[in-house]
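Undergrad: no letters, just coordinates:
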């Protein structure tokens, strides 16, 4: 399985600011995903980020709020823009194992918005 | 859209007791996966089930996929304190390849 790192591991931010989360993989992968896990909730898919194409956003998530970059096959970023306390959550990136639906998750970024 | 429901939300057991969590999808799935998240950790892939009626075992863990490919279960025999964590099922079968829909998860607490 791939080794995935995320930066930062946690952050406390003021409302109205933006935070960019980085996801680095130790091998080339086609499919990367960004999830949000709000307190007491399950994992909710924000978007799918495939290299060479625009990210595909799930219902309820928009590019202006959660812009995503995928410059190459080992790296992606998710920006949480114009944050509010409701954005406080754990944000996770995952990578898909090619040819399967198996996903491998990064350690997550715990975001608190005050 | 596809919905995956998982019950129970919480389960407290004494060490040595068995544990089962159930997963139901609103639509037929192409496959279902199970993940475990330890407290403070991130979800870790456990297993994937693909075939109708499939049963797979990993030591004390038994995973089943329903005949209609709309439900699944995870059963742990004789729980140990190391089994503590949140168990998620995740269904695949929508139009987007690779996309998973996660259940709410079952938080398992094992009392020694």
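TA: Sure thing, it's come through. Everything quoted here is computed from the prediction, not taken from an experiment.
Undergrad: quick check: phi and psi at the spatially most distant residue from the centre of chain A.
TA: The outermost residue of chain A relative to its centre, with distances by Cα atoms, centre = their mean, is residue A:99 at 21.4 Å. With angles defined as degrees, to the nearest 10, residue A:99 sits at phi 90, psi 0.
Undergrad: could you tell me how many residues sit around residue A:20?
TA: For residue A:20, the count of nearby residues is 13 (other Cβ atoms under 10 Å in any protein chain shown). All C-beta spots, glycine's among them, are computed from the backbone N, C-alpha and C.
Undergrad: what's the spacing between the helix or strand in which it is found and its chain's center?
TA: Using DSSP states H and E, residue A:20 sits within strand A:19-25. Relative to its chain's centre, strand A:19-25 lies at 7 Å (Cα atoms, centre = their mean, to the nearest Å).
Undergrad: cool, stretch B:56-63 as well?
TA: 11 Å.
Undergrad: ok, now stretch B:80-90?
TA: 9 Å.
Undergrad: okay, the angle between the strand or helix carrying residue A:32 and strand A:19-25?
TA: Element membership for residue A:32, per DSSP H and E: strand A:31-37. Angle, strand A:31-37 to strand A:19-25, by axes from the mean of the first three to the mean of the last three Cα atoms, to 10 degrees: 130 degrees.
Undergrad: identify the bridge partners of the spatially most central residue of chain A.
TA: Centroid check for chain A by Cα atoms, centre = their mean gives residue A:34 as the closest residue, at 3.3 Å. Beta bridges link residue A:34 to residue A:47, residue A:93 when assigned by DSSP bridges.
Undergrad: contacting residues around the residue nearest to residue A:96 when sequence neighbours are not counted?
TA: Closest residue to residue A:96 apart from its sequence neighbours, by Cβ to Cβ, 6 or more residues apart in numbering or on different chains: residue A:31 at 3.6 Å. Residue A:31 makes contact with A:48, A:50, A:95, A:96, A:98, B:98, according to Cβ atoms under 8 Å, 6 or more residues apart in numbering or on different chains.
Undergrad: same check, this time on residue A:80
TA: Neighbours of residue A:80 in contact, by Cβ under 8 Å, 6+ apart: A:18, A:19, A:21, A:65, A:66, A:87, A:91, A:111.
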